[in-house]
Structure formats: structure tokens, C-alpha cells
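1. Sequence first, then the predicted structure, then my questions.
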Amino acid sequence: MAVALVLGAGVCPVFGGLGDSSDTGDPIGFAQGGDAPPTPATGGDGGRQPVAAGASEVLMPTGPAAAFTVAATVPEDGSKIAVTTLKGKKSGFTGRVWVWAPPQYREPRYAKSGFPVMIALPGGAGYPVNYWMGTDLKLEASIAAWSKEGRSLPFILAMPVLNPRPDAGGLYWDASDIPGQPKMGTWLTEDVPDLVRANFRTLKSRDGWAIMGSSTGGFAGLKSVLQKPHQFKAALVSGPDLVPDSRLWAGHEQQERENDPTVLAPELIRAKGPDVYIAFQVGTVGSDARTRPKVEDFVRTYTRGPIRTRLSVIQGGGHNARTYVPNMVDAGLIQWISAHMRGPVPAP
């Protein structure tokens, strides 16, 4: 497994750059007028709400509403990053999830619109926090700016913990359901999306679902989009690991293969779809220099049929989140992902 991601100078690995304000810890909700699930028809017009353009693709919040509190404030626009503790109904695992909605989400013209979702996964232990929730890395601020500029869709971000407990001697769970272990694969790819659907206006199809991640989180994103292409259409992976190698797989070789991108990719090619879009980025310095040829080989080998890829090699870039975020737009990666997904449609 690749070394833990270097966050960048000045970033605390736990709570770096939270953009704290006086409302940190206060309850927060994301519902707007009309967000409540519709009630059954009782006659007349059935209580139907006005239909906005693209409404057939919109999934209104399914409920129940989660108990979110403010975790941070994005200084560039005042938007809030919230956190809740999720008890996964499908996995049985309980962990924290941070969420952020782009500024467009609260605009009246989008009040009936569904938004695309990006699950953002960290490198390293990814516990007790997901470092993408810190404002120093500017992921939220960047997506807000890029979406206003027309260079990215206005993604809702969901940022769950990656592993069930702290790193202890390089112990990790490969974002998978390893026999006898917490079902982290199910939690990340089913329970977390269910949380988002329960609380936000989303899109019904996989055209509204993507994953991004760095290092171990990059492996999780790559593996998940290949393993569950009917749920996720795209992934943006940075300095990723390419094969599962947790020591917890010992004695479970068949299950390990079922979570191996080098096995999943040819299986998807043989199945002839559905199409997936995977954007890779990797630097040329430090551990990324060792990862680069493996990523290039993966791209050469599996970019065919339903697997569409785009690769950016960052000259002078390392295994560093501060490098990866600006390169998402500088290399056209977030634009490419966005072009193959579906965004919110404003009311006429």
C-alpha cells in the first residue's frame, strides 16, 4: 500500500483548517421548502408540487433527517461543512460522515433540482476524521468557485471516515468487506449514499454519483467504480494504490480478488459495460514517482471498451493533497468528469 498522503505544509492531519466560527457545534439542516418527501394523494390534484425542468430525474430527500451539526465554515463563501454519526443499516458499522452542499443548493431557482454527489475519500488512516472536511485543502471552496465558472458541476460532497479505527502499524481495510471485519465497503458505497439520499435532493441515476480519493482513498474510489458501475459512473483518483494488500486478507484470497481493480477491470470489459469514467492524477516526486509507472500501465492495459480514462502526470508534484486539488481543474480532470455526469436543472 502506498505511503500515507502528505497533506501539505501547515495542515494538521486531524483538524487542520476548520474555518471555525461561533456556530461550530450548532445543529444544522439542509431541507428547504418542498424538500419533505411527498404525502400520499388524497384527492383533488393529489397535493402535487410544481414540476421544475428535469424533475423526473430528481430524487427528493427520502428521510429520516440525520442530526447534523456544524463542523466548519468555508471562509470563502460562508457555506457550512456539517457532520453526523451514521449507524449503517446495511453494514452494521457506525462512523462519522461530513457533508457539504454547494452554494447553488440553497438558491431558489434550484429548489426543486437534484444535485450530483461526490464521495471524497482521504489517504492514510482516514480516521478519526476525513481530512477533506478541513478548509485548508480548499476542496469545498474550489468546487464552489469552479461550478460558478462552469468548469465543474456543483457537487454535494460526502466525506466519511475511511477505516473503522486508527492506523496501527499499517493496518487498513481496503474499503472492503473483509470476512470477519467491519463491512467498510458496504458502509462507504451503500450506507453513505443512503445517508445523502435521505437528506439531500439528489439524482435517481448513476449519472449523479462519483467518487474521488487520494492514495488509499484513491484505491477505494477506483475499486468501487469498477465493482459497482451500476451505482457510480465516475471516479477521480490521485496517487492511488492499484491492488488490495491489507494483511487482513490473509486466508481470504477469493474475496481479495473480488476487490482487486486488476481483476474487476477485465470483468467489466468482458461484460461490455456500463461505461465508467476514471480520471487519474499522479506526481513525479517521492512515492508518486514509484506509483506513476503502475498507474500508466493500468491505463494502457484497461482503457478499452466501457472503461474510459484520463491521466494527468503532475511534473514536480508529489503525494500531496495540496498538489492534487488545483490540478483537478488545471489538468481538466474535474471538467472531464463533469461532462459525463448530470447536474442540477434550474426552474424555468
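-> It's in.

2. For the protein, just list every one of the helices.
-> Using DSSP state H, the helices of the chain run over residues 139-148, 184-186, 192-199, 216-227, 253-257, 261-271, 287-302, 321-330, 333-339.

3. Centre of the chain to the shortest one, how far?
-> Computed by Cα atoms, centre = their mean, to the nearest Å, the separation of helix 184-186 from the middle of its chain amounts to 14 Å.

4. Please state the mean pLDDT value computed over that helix.
-> Per-region confidence: helix 184-186 scores 98 on mean pLDDT.

5. Nearest to the spatial middle of the chain, which residue is it?
-> residue 119 (1.4 Å; Cα atoms, centre = their mean).

6. Show me what that residue is bridged to.
-> Taking DSSP bridges, one finds residue 158, residue 211 as the beta-bridge partners of residue 119.

7. Would you agree it is in contact with residue 193?
-> Yes: using Cβ atoms under 8 Å, residue 119 is in contact with residue 193, at 7.4 Å. Glycine gets a C-beta too; all of them are placed from N, C-alpha and C.

8. so what sits against both of those two?
-> Common contacts of residue 119 and residue 193, defined by Cβ atoms under 8 Å, 6 or more residues apart in numbering, comprise 158, 209.

9. send the alpha carbons of stretch 240-259 over as CSV?
-> Taking Å, rounded to 0.1, in the frame of the first residue of the first chain, the C-alpha atoms of stretch 240-259 are listed here in CSV:
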residue,chain,number,x,y,z
PRO,A,240,-3.8,5.6,-6.0
ASP,A,241,-2.9,2.2,-4.8
LEU,A,242,-3.9,-0.3,-7.6
VAL,A,243,-4.3,-3.6,-5.8
PRO,A,244,-5.6,-4.6,-2.3
ASP,A,245,-2.9,-5.6,0.1
SER,A,246,-4.3,-5.3,3.6
ARG,A,247,-2.9,-8.0,5.9
LEU,A,248,-6.5,-8.7,6.9
TRP,A,249,-7.0,-10.6,3.6
ALA,A,250,-4.9,-13.5,4.8
GLY,A,251,-6.9,-16.7,4.3
HIS,A,252,-9.5,-14.9,2.2
GLU,A,253,-7.8,-14.9,-1.3
GLN,A,254,-11.1,-15.2,-3.3
GLN,A,255,-12.6,-12.2,-1.5
GLU,A,256,-9.4,-10.3,-2.1
ARG,A,257,-9.7,-10.9,-5.8
GLU,A,258,-13.3,-9.7,-5.8
ASN,A,259,-11.9,-6.3,-4.6
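
10. what sits up against that stretch?
-> With contact meaning Cβ under 8 Å, 6+ apart, stretch 240-259 is reached by 1-2, 170-174, 176-179, 181, 185, 213-216, 218-219, 221-223, 227, 260-264, 280, 282, 291, 294-295, 298.

11. Just the buried subset of those residues, please.
-> 1-2, 172-174, 176-178, 181, 185, 213-216, 218-219, 221-223, 227, 260-261, 263-264, 280, 282, 291, 295, 298 (16 or more other Cβ atoms under 10 Å).

12. What pLDDT does the model give the residue nearest to the centre of the chain?
-> So, for residue 119, pLDDT stands at 98.

13. if I look at it, how far off is residue 97?
-> Residue 119 sits 10 Å away from residue 97, taking Cβ to Cβ, to the nearest Å as the criterion.

14. and for those two, which residues touch both?
-> Residues touching both residue 119 and residue 97 (Cβ under 8 Å, 6+ apart): 158, 159, 160, 192.

15. thinking again about what came up before, point out the most buried one among the helices of the chain.
-> Among those, helix 216-227 has the highest mean neighbour count (mean count of other Cβ atoms under 10 Å), at a mean of 28.

16. so what does that helix touch, helix or strand wise?
-> strand 117-121, strand 209-214, strand 234-238, helix 261-271, strand 276-283 (3 or more Cβ pairs under 8 Å, 6 or more residues apart in numbering; DSSP states H and E).

17. Out of these, flag the one nearest residue 67.
-> Closest of the helices and strands packed on helix 216-227 to residue 67 is strand 117-121, at 19.9 Å (criterion: Cβ to Cβ).

18. who touches the closest one?
-> With contact meaning Cβ under 8 Å, 6+ apart, strand 117-121 is reached by 130, 132, 139, 143, 155-160, 162, 175, 188, 192-193, 196, 200, 202, 208-214, 216-218, 220-221, 236.

19. For the nearest residue to residue 107 once chain neighbours are set aside, give me the pLDDT.
-> Distance criterion Cβ to Cβ, 6 or more residues apart in numbering; nearest residue to residue 107, sequence neighbours excluded, is residue 346 at 8.0 Å. For residue 346, the pLDDT comes out at 91.

20. ditto for residue 52
-> Residue-level pLDDT assigned to residue 52 equals 39.

21. With residue 321 instead?
-> Listed pLDDT for residue 321 reads 89.
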